[in-house]
Structures are given as C-alpha cells and as structure tokens.
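J.: could you work out the structure for the sequence below:
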Amino acid sequence: METNNLSTLIGDEGGYSPKVASNQDALVMLKQVIEGLNLRLGFDVFLGLDAASSNFYANQQYHIHDKAVGMSSKDLIEFYKALNNDFHFLYLETDSRKTIGRAGQIFALSFQNKL
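T.: Coordinates of the predicted model:
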C-alpha cells in the first residue's frame, strides 16, 4: 500500500482501509500482492467478501464507487458475478434478506456450485 502512496491506517474491525477509487481497485491490489508472493489466487489463496449491502442501499438502489449510477438488485448480482469470475471468492456474504429480497434467492441460486 505504501508503494502506491495509500494510507495504512487501521479501519473497521482491525482491517486496513486505504482510500482507493473503487472496490475493484482494492481487489486488484490484493491480487497483485498474492501474485507478487508467487501464490495463485483461487488455488493457494482465497478471498471472501462480506458486502454488507444494506450500508450502500438507498432509494431502492445500490450505490457503490465502481458505478456512476445506482444499481437494481439484479444489477448488483451481475456485478458480484463479474467480481467472482475475476477473484474466485471462497465466500460472498450479503445481507440479501434485508434488501435484495426475491432477487436474493436468485443470487443464491446463481452462485450455487460456483463459490
């Protein structure tokens, strides 16, 4: 993180919280570190994501730094699928029962046997 001039201050729950432009940038940074250690993402090292989507849900849409406009539940699921294709999550947790509703069932079915 220091190489990229990013803060190494401690964030919520003891994790690092550098200021990056997007969620994808943070994952890319992790992937680069893993590969820099001659390890393989999705084989030697796995990532998990606890999205806590209720924290970025407002006015019937999801608002994240990666997208200029809000996303519907189905759009968010497609976003998660794309991330999973690139980063091979071991788990992906979202509070879908609270905010995604019916789409949360679609989410669970679409990831069955893929996580």
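J.: could you give me the average pLDDT of stretch 93-101?
T.: Mean per-residue pLDDT for stretch 93-101: 58.
J.: now do stretch 50-57
T.: pLDDT averaged over stretch 50-57 gives 82.
J.: buried residues in that stretch?
T.: For stretch 50-57, burial by neighbour count (16 or more other C-beta atoms under 10 Å) applies to 51, 53, 56-57. The way it works is simple: take the backbone N, C-alpha and C, and place the C-beta from them, glycine included.
J.: that stretch: end-to-end distance?
T.: Length of stretch 50-57, first residue to last, C-alpha to C-alpha, to the nearest Å: 15 Å.
J.: what packs against the host helix or strand of residue 33?
T.: Counting by DSSP states H and E, the element that carries residue 33 is helix 23-36. Applying 3 or more C-beta pairs under 8 Å, 6 or more residues apart in numbering; DSSP states H and E, we find helix 23-36 packed against helix 73-87.
J.: report the angle between the helix it packs on and helix 23-36.
T.: If you take axes from the mean of the first three to the mean of the last three C-alpha atoms, to 10 degrees, helix 73-87 sits at 20 degrees to helix 23-36.
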